[in-house]
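Colleague: Sequence first, predicted coordinates after that:
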Amino acid sequence: MSKLSLSKAFTTLLQRDLLLVMRRRSEAINPVLFFIIVASLFPFGTGSDNELLQKIAPGIVWVGALLATMLSLDAIFRSDFEDGSLEQLMLSPHPASVLVLAKVIAHWLVTGLPLLIAAPFMALLYGLPSEAMPTLMISLLIGTPILSLVGSVGVALTVALRHGGVILSLLVLPLYVPVLIFGSGAVELAVDGFSPAANIYMLSAILALSLVLTPWPAAAALRLSLS
Amino acid sequence: MIMRFIHKLASPPFYYRLSARIMPWFVAIFLLFLAYGLYGGLIVAPADYQQGESYRIIYIHVPAAWMSLFIYMVMAVSAGIALIWRIKLSDVVLISSAPIGAMFTFLALVTGSIWGKPMWGTWWEWEARLTSELILLFIYLGIIALYNAVEDKRIASRAVAILTLVGVVNIPIIHYSVEWWNTLHQGPTVTKFDKPSIHLSMLLPLLSMAIAFKFYYGLTLLVRTRNELLQRERNAGWVKEMLDRE
């Protein structure tokens, strides 16, 4: 048996996960579709008052992105858990936290990035001023990886449960509050013509923190779910 | 010496016997401080010159809010102990504390909202502290839901321990982000209680209520942990022995 270096194992796993998604492209599209539909539902509920829509645009786009990410979280580990490949991953000599990180990054590339592409169009529907567009993109670029990272802990805890979905949302959504606050706050500041730098810095700090801190509990929780 | 006592304490039969002995003390201390706190707070203490009589709800609200955080800290410490040293008792303390903590958080929310009606004119204000209490309640409920969802209670305890620790890192972040968010949206509309000086006749009953609440927590924790221990160890030798003796 040849020994794989850690970085090689990381990239191999990343490639494998991306390849798996490419084979089932229609599934990968669903979170974005969900995002677009949810974001287009709000005007029906609130009325098509342009001023109001523009005011709530940052919140809508962010909440939509948050819900779409949450619904797609299950995909990080579910299929691997069901066909047993997760167990093989945990048996590998490499630290499980690094492998978990590879899977989370793959998940973000598949769900977070498409959201990023769809978000400006949704923001246009709400009449978000174009000056705020870069801030929206940057806040989503920094914020959505946090959603995937924090969510991975929740999925790892609930993957063995039969009805894990509802509990997953109960576990994960309260933890998403800071990301939502700083993310939509940054866009609101940009809309009002202020500098959103402070919010972006806070988001970046949370990203750095969760990049370092979440793979551990996620790996520990996966071990637990497999036992 | 101390380590030996801790090891002894962690053994279920010893804990079960010891807790039976200290429970009456907890009841006595709880009732004593509760009686003084309620009497001092509701009758002796003067009315606030701005808020009148309605400020008196702080004698429930503030200790409940303190307890909601205190219990979470107890849970986080037990979670750490449970994960690192695999001590059974700390699992039990962790999961027995969660409903009590959720109850106190709920109490803090309800009393805060009742206080808000005469003060702000609304039952609910998206004010920073109330909002973080609400999110804390969600975290408690998530912990309880996760524990109930996993069938193997040994695995459930460890899952809950991991979740509790993830939560404890998040709680300060959530708290400060909510405060940040609140100041961005609206100026502070709340007259805060923690002015530099609060008169002694108001402070003493408040502290007394806080101590009473602590002992109430200790008391319910003892009852719940004893119950949980018996259920988990129902096949163990010491439970059978105890039942035979009775």
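Modeller: Nice, I can see it. These numbers come from a predicted model, not from an experiment.
Colleague: Any stretches of chain A with poor pLDDT?
Modeller: A:1-2 (pLDDT under 70).
Colleague: Would you mind extracting the C-alpha trace of the helix or strand containing A:Gly183 into CSV?
Modeller: Element membership for A:Gly183 (DSSP states H and E) is helix A:177-191. Output in CSV follows, covering the C-alpha atoms of helix A:177-191 (Å, rounded to 0.1, in the frame of the first residue of the first chain):
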residue,chain,number,x,y,z
VAL,A,177,-27.0,34.9,13.6
PRO,A,178,-23.7,36.8,13.8
VAL,A,179,-23.0,36.0,10.1
LEU,A,180,-26.4,37.3,9.2
ILE,A,181,-25.9,40.5,11.2
PHE,A,182,-22.5,41.4,9.9
GLY,A,183,-23.3,40.3,6.3
SER,A,184,-26.5,42.1,5.8
GLY,A,185,-25.2,45.0,8.0
ALA,A,186,-22.3,45.5,5.7
VAL,A,187,-24.6,45.8,2.7
GLU,A,188,-27.0,48.2,4.5
LEU,A,189,-24.0,50.4,5.4
ALA,A,190,-22.9,50.4,1.7
VAL,A,191,-26.5,51.3,0.6
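Colleague: Can you identify the element that follows that helix toward the C-terminus?
Modeller: helix A:197-213.
Colleague: just to revisit the earlier point, name the residues that touch the helix holding A:Gly183?
Modeller: For helix A:177-191, contacts defined as C-beta atoms under 8 Å, 6 or more residues apart in numbering or on different chains pick out A:54, A:57-59, A:61-63, A:66, A:128-129, A:131-132, A:134-136, A:138-140, A:143, A:146-147, A:150, A:195-196, A:199-200, A:202-203, A:206, B:135, B:170, B:173-174, B:177-178, B:180-181, B:184. Using the backbone N, CA and C atoms, a C-beta is placed for each residue, glycine as well.
Colleague: ok, 6 Å please
Modeller: Identification of contacts with helix A:177-191 by C-beta atoms under 6 Å, 6 or more residues apart in numbering or on different chains yields A:58-59, A:62, A:132, A:135-136, A:139, A:143, A:146, A:196, A:199-200, A:202-203, B:135, B:173-174, B:177, B:181, B:184.
Colleague: And stretch B:48-62, by the same measure?
Modeller: Residues outside stretch B:48-62 that contact it (C-beta under 6 Å, 6+ apart): B:41-42, B:47, B:111-112, B:115, B:118, B:209.
Colleague: try 10 Å
Modeller: B:37-38, B:40-43, B:45, B:47, B:64-65, B:107-119, B:191, B:193-194, B:198-199, B:202, B:205-206, B:208-210, B:212-213 (C-beta atoms under 10 Å, 6 or more residues apart in numbering or on different chains).
Colleague: so what does the helix or strand bottoming out on mean pLDDT in chain B touch, helix or strand wise?
Modeller: Every helix and strand of chain B was ranked by mean pLDDT, DSSP states H and E. The lowest is helix B:2-9, at a mean of 77. Contacts defined by 3 or more C-beta pairs under 10 Å, 6 or more residues apart in numbering or on different chains; DSSP states H and E place helix B:2-9 against helix B:12-39.
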